[in-house]
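Colleague: I'd like to go over a predicted model; first the sequence, then the structure.
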Amino acid sequence: MGRMEVNDTAAVAAVRAGDREAFRALVERHSRSIFRLAFRMTANESDAEEVVQETFLRAYRQIGKFEQRANFGTWLYRIATNCALDLLERRRHSQNDVPIVDDENERELPLSSSNPSPERLLYSNELRQRMSAAMSQLTAVERAAFVMRHVEGQSIEEISAILNVKEGAAKNTVFRAVQKLRRALEPAVRSVR
Amino acid sequence: MRHLQEHELVAHFYGDEAGSECATAERHLAECEGCRAELEALRNTLSAVAAAQPEVPERDEAYGTEVWNRIRAHLPETEERSWSAWLQPRRWLPIGAIAALIFIAFIAGRLSQRPQPAPPEIAGETGDQAASDRLLLVAVGRHLERSQTLLVELMNTPADRLVDISLEQQRAEDLISANRLYRQSTVNAGDQQIAEVLEELERVLLDVARQPGKVSGAELAQIQQRIDSRGVLFKVRVIGANIRAEQAPERKRNGNTELRKTT
């Protein structure tokens, strides 16, 4: 057990014993990583802040349910992921979804690797827009799994623990996300190679 | 020769296959130009995705303290499942307060049923009854506010997926025990209208508490429909508003008294 886990375990035990201030150490230790995950999932700074706050409020409320043998960081990640999923679902209901680019109508970017930098920049911006549209087509869970695997570099085992699903399901969710992103982005990427 | 399927390519890219599968994939890729090209295309796309990710805004060392300062005033009560939680004194405070209210209501009720020999005594006993009624009303008002919040949250939850309502159930369970005591107290106090609303509220709370921790969208929609069809939320709102309206002159009077005392 690492030093941070020992510290977390002691702080959790103190909070469970009624020491409200002991929760501060946990908040100070984990806020930045939770913010990073929240931002990766929501792609919006104020949404990420909302997720961070909600995560710690939920964690405090549910700390009696935390199993002492488990890793507090993983447990907190699970709560943060759920908070972000809830927020994304709410946003999905309240906003119009960005339409995905139809494969047949896919416009290939007429740029090659030898293009000068302004055009590369244009390509980069366009790719970012396409990626944003493609990411919005992922379900909230697919997005979470993809961000954790591809961007945060979490293992399938960790993702399955965070999403509370079996490893096979976590792996399959990552695959579905990659598949959708490939369909939406690969033609554009191929054209500049 | 069997080519690698897309899910195998993705698993190989991330190194998520079992050891033997990895070796098989490596052998195939060494021989198959088509699959190598597919893997290269996958790598290029996923590299582009990583490169196009928006940069995470910087948060410095003090960020954790900022978050703590923002949330510390809003920290809720912790939830505990174990029976030992019920042995903690704070758990018994609200129940004790409710029991005290019932006792006051009972004593006041007994006193008010006695023959009243003289006007001064009648005045005093009527004052006791009124005080206990007011206490009960304040407590019921707060209980209805908490219940209303829970019902509104349930009604506003989108019923289109699997939903974890275990937290709402825990709150419903807490409200049920309080609701039973308040219902009995209002019956004793002769307030039939509030007692009836509390009875209907109790059925809805029981309905929520008895569901599994996670409900499907269809199950949640049924719960919402039952809340809606019984009109419980509306009744809780109306009774809550009536109670607040009844309390308003009292608060105003108390406020004026306080004002007079300070001047």
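Modeller: Done, it's in.
Colleague: show me where the stretch 101-250 of chain B has strands.
Modeller: B:163-164, B:214-215 (DSSP state E, counting those that start in this stretch).
Colleague: turn the ones you listed into CSV, columns for distance to A:W75, mean pLDDT and mean neighbour count.
Modeller: (C-beta placed from N, C-alpha, C; glycine too.) Below are those laid out as CSV (distance: least, C-beta to C-beta, whole Å; pLDDT from 0 to 100; neighbours: other C-beta atoms under 10 Å in any protein chain shown):
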stretch, distance to A:W75, mean pLDDT, mean neighbour count
strand B:163-164, 15, 79, 18
strand B:214-215, 18, 81, 16
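Colleague: include distance to chain A when you put those strands into a markdown table, please.
Modeller: As requested, the strands of the stretch 101-250 of chain B are exported to a markdown table (distance: least, C-beta to the nearest C-beta, whole Å):
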| stretch | distance to chain A |
| --- | --- |
| strand B:163-164 | 8 |
| strand B:214-215 | 10 |
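Colleague: counting by contacts, list what the helix or strand that contains A:A10 packs against.
Modeller: Assigned by DSSP states H and E, A:A10 belongs to helix A:3-16. Secondary-structure packing of helix A:3-16 (3 or more C-beta pairs under 8 Å, 6 or more residues apart in numbering or on different chains; DSSP states H and E): helix A:22-42, helix A:72-94.
Colleague: most packed of those?
Modeller: Comparing those by mean neighbour count (mean count of other C-beta atoms under 10 Å in any protein chain shown), helix A:22-42 ranks first with a mean of 22.
Colleague: now do the buried residues in the helix or strand following that helix.
Modeller: Downstream of helix A:22-42, the next assigned helix or strand under DSSP H and E is helix A:45-61. By neighbour count on 16 or more other C-beta atoms under 10 Å in any protein chain shown, the buried set for helix A:45-61 is A:47-61.
Colleague: ok, which of those residues also contact chain B?
Modeller: Contacts with chain B within the buried residues of helix A:45-61, as defined by C-beta under 8 Å from any C-beta of the partner chain: A:52-53, A:56-57, A:60-61.
Colleague: adding pLDDT, write those residues out as CSV.
Modeller: Shown next, in CSV, are those (pLDDT from 0 to 100):
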residue, pLDDT
A:V52, 96
A:Q53, 94
A:F56, 95
A:L57, 93
A:Y60, 93
A:R61, 90
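Colleague: let me have those residues in TSV, extended by distance to B:A195.
Modeller: Below are these laid out as TSV (distance: C-beta to C-beta, whole Å):
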residue	distance to B:A195
A:V52	44
A:Q53	40
A:F56	40
A:L57	35
A:Y60	36
A:R61	32
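Colleague: which of those lies closest to B:D60?
Modeller: Nearest to B:D60 out of those is A:V52 (C-beta to C-beta; 14.5 Å).
Colleague: tell me which residue of chain B is furthest from the middle?
Modeller: B:E31 (59.4 Å; C-alpha atoms, centre = their mean).
Colleague: how far away from the center of its chain is the helix ranked longest in chain A?
Modeller: The longest helix of chain A (DSSP state H) is helix A:167-192. Mean-position distance between helix A:167-192 and its chain equals 16 Å (C-alpha atoms, centre = their mean, to the nearest Å).
Colleague: give me the distance between the closest residue to chain A within the stretch 151-263 of chain B and A:E152.
Modeller: Chain A sits closest to B:P158 of the stretch 151-263 of chain B, with a gap of 5.8 Å, by C-beta to the nearest C-beta. Per C-beta to C-beta, to the nearest Å, B:P158 is found 27 Å from A:E152.
Colleague: to chain B, which of the helices and strands packed on helix A:3-16 lies closest?
Modeller: helix A:22-42 (3.2 Å).
Colleague: by contact count, what packs against the closest one?
Modeller: Short answer (3+ C-beta pairs under 8 Å, 6+ apart): helix A:22-42 packs on helix A:3-16, helix A:45-61, helix A:72-94, helix B:63-71.
Colleague: pLDDT averaged over it - what is it?
Modeller: Taken as a whole, helix A:22-42 has a mean pLDDT of 94.
Colleague: can stretch A:66-73 be said to contact chain B?
Modeller: No. Interface with chain B: stretch A:66-73 contributes nothing (C-beta under 8 Å from any C-beta), its closest point being 10.1 Å away.
Colleague: how long is that stretch end to end?
Modeller: One end of stretch A:66-73 to the other measures 11 Å (C-alpha to C-alpha, to the nearest Å).
Colleague: so which bits of it are buried?
Modeller: A:66, A:71-73.
Colleague: again with stretch B:215-234
Modeller: Result for stretch B:215-234 [16+ other C-beta under 10 Å]: buried residues B:215, B:219-220, B:223-224, B:227, B:232-233.
Colleague: who's in contact with that stretch?
Modeller: B:148, B:151-152, B:154-155, B:157-163, B:165, B:197, B:200-201, B:203-204, B:207-208, B:211 (C-beta atoms under 8 Å, 6 or more residues apart in numbering or on different chains).
Colleague: repeat for stretch A:78-98
Modeller: A:34, A:37-38, A:41-42, A:47, A:50-52, A:54-55, A:58-59, A:62, A:132-133, A:136-137, A:140-141, A:143-144, A:148, A:161-164, B:158, B:161, B:164.
Colleague: out of the buried residues of helix A:45-61, the closest to A:F23 would be?
Modeller: For the buried residues of helix A:45-61, the nearest to A:F23 is A:Y60 (5.7 Å; C-beta to C-beta).
Colleague: quick one: residues contacting the closest one.
Modeller: A:Y60 touches A:15, A:23, B:71, B:75-76, B:78, counting by C-beta under 8 Å, 6+ apart.
Colleague: quick one on the thing from earlier: briefly note if the longest helix of chain A comes near chain B.
Modeller: Yes. Counting by C-beta under 8 Å from any C-beta, chain B is contacted by helix A:167-192 at A:171-172, A:174-175, A:178-179, A:181-182, A:185-186, A:189-190.
Colleague: which of those are buried?
Modeller: Of the residues of helix A:167-192 next to chain B, these count as buried by 16+ other C-beta under 10 Å: A:171, A:174-175, A:178, A:181-182, A:185-186, A:189.
Colleague: tell me the domain boundaries of chain A?
Modeller: For chain A, automatic domain parsing gives the domain ranges A:1-95, A:99-193.
Colleague: out of these, which is closest to B:L136?
Modeller: Comparing those by C-beta to C-beta, domain A:1-95 comes nearest, at 29.2 Å.
Colleague: can you give me how far the closest one is from the chain middle?
Modeller: Using C-alpha atoms, centre = their mean, the offset of domain A:1-95 from its chain centre is 13 Å.
Colleague: what about B:E61, distance to A:G73?
Modeller: 18 Å.
Colleague: what of A:A22?
Modeller: In terms of C-beta to C-beta, A:A22 sits 16 Å off from A:G73.
Colleague: cool, A:S46 as well?
Modeller: 24 Å.
Colleague: check contacts around the most centrally placed residue in chain A.
Modeller: Centroid-nearest residue in chain A: A:M41, 3.5 Å away (criterion: C-alpha atoms, centre = their mean). Residues counted as contacts of A:M41 (C-beta under 8 Å, 6+ apart) are A:48, A:51, A:81, A:84-85, A:88, A:143-144, A:147.
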